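Colleague: Following is a predicted model, sequence given first.
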Amino acid sequence: MIGKRIISEKPLTLAEAKEIIAAEKKEREEQTYEQKVTYTYLNKFAAAPTKTEKAKKELMELGFTEEEAVYLVNVKPEIPEQVQAMFEKRKIENVDKILEILSKL
C-alpha cells in the first residue's frame with residue numbers, strides 16, 4: 001500500500017508533482033519503487049514550475065476550470081484538433097490563444 005489515507009485532493013501540474021516528490025526525496029533516506037518511477041517520469045516531462053503556474057492562470061482567465069487548465073498544461077496539445085479532442089463535448093473558443101499559451105512551456 002502506497003499511502004494509508006488521503007490527506008487532501010487537488011489537481012496538480014506535473015511540475016507541482018515533481019516538487020512534492022523532490023521534497024519527499026529529501027526527507028526520506030530511501031524512496032519507494034513508485035516514487036522512483038514517478039520522479040524519473042516527471043524529470044522527463046515536467047516543465048518549469050513558474051511557467052506552468054503562469055500558463056495555468058492564463059488558461060483559467062480564458063474561462064477554464066482549474067482541473068481543465070491543469071489538464072491542458074500537463075498534456076500540452078500542439079495543434080487545434082488536439083485541443084478540440086480533449087474537450088469533445090463543447091466548442092472551444094480561442095484555440096489559437098490556448099496553443100500560444102502552451103507553446104511557452
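Modeller: Received, thanks.
Colleague: any weak-confidence spans in this protein?
Modeller: Applying pLDDT under 70 to the chain flags the ranges 1-3.
Colleague: middle-most residue in it, spatially?
Modeller: Central residue check for the chain by C-alpha atoms, centre = their mean: the C-alpha nearest the mean position is that of residue 13, 2.4 Å away.
Colleague: Nearest residue to that one in space, please, no chain neighbours.
Modeller: In this structure, residue 13 finds its nearest non-sequential neighbour in residue 52, 4.4 Å apart by C-beta to C-beta, 6 or more residues apart in numbering. (Each C-beta comes from the backbone N, C-alpha and C, glycine too.)
Colleague: Tell me how far the residue at the greatest distance from the centre of the chain lies from residue 91.
Modeller: Computed with C-alpha atoms, centre = their mean, the maximum C-alpha offset from the centroid of the chain is found at residue 29, amounting to 27.0 Å. For residue 29, the distance to residue 91 (C-beta to C-beta, to the nearest Å) stands at 52 Å.
Colleague: again, but for residue 12
Modeller: Separation of residue 12 from residue 91 (C-beta to C-beta): 28 Å.
Colleague: ranges for the helices of this protein?
Modeller: Counting by DSSP state H, the chain has helices at residues 14-27, 33-45, 49-61, 66-75, 80-86, 95-103.
Colleague: Take those helices and lay them out in JSON lines including mean neighbour count and distance to residue 8.
Modeller: Listed next are these as JSON lines, based on neighbours: other C-beta atoms under 10 Å; distance: least, C-beta to C-beta, whole Å:
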{"stretch": "helix 14-27", "mean neighbour count": "15", "distance to residue 8": "11"}
{"stretch": "helix 33-45", "mean neighbour count": "13", "distance to residue 8": "18"}
{"stretch": "helix 49-61", "mean neighbour count": "16", "distance to residue 8": "18"}
{"stretch": "helix 66-75", "mean neighbour count": "18", "distance to residue 8": "14"}
{"stretch": "helix 80-86", "mean neighbour count": "14", "distance to residue 8": "26"}
{"stretch": "helix 95-103", "mean neighbour count": "15", "distance to residue 8": "27"}
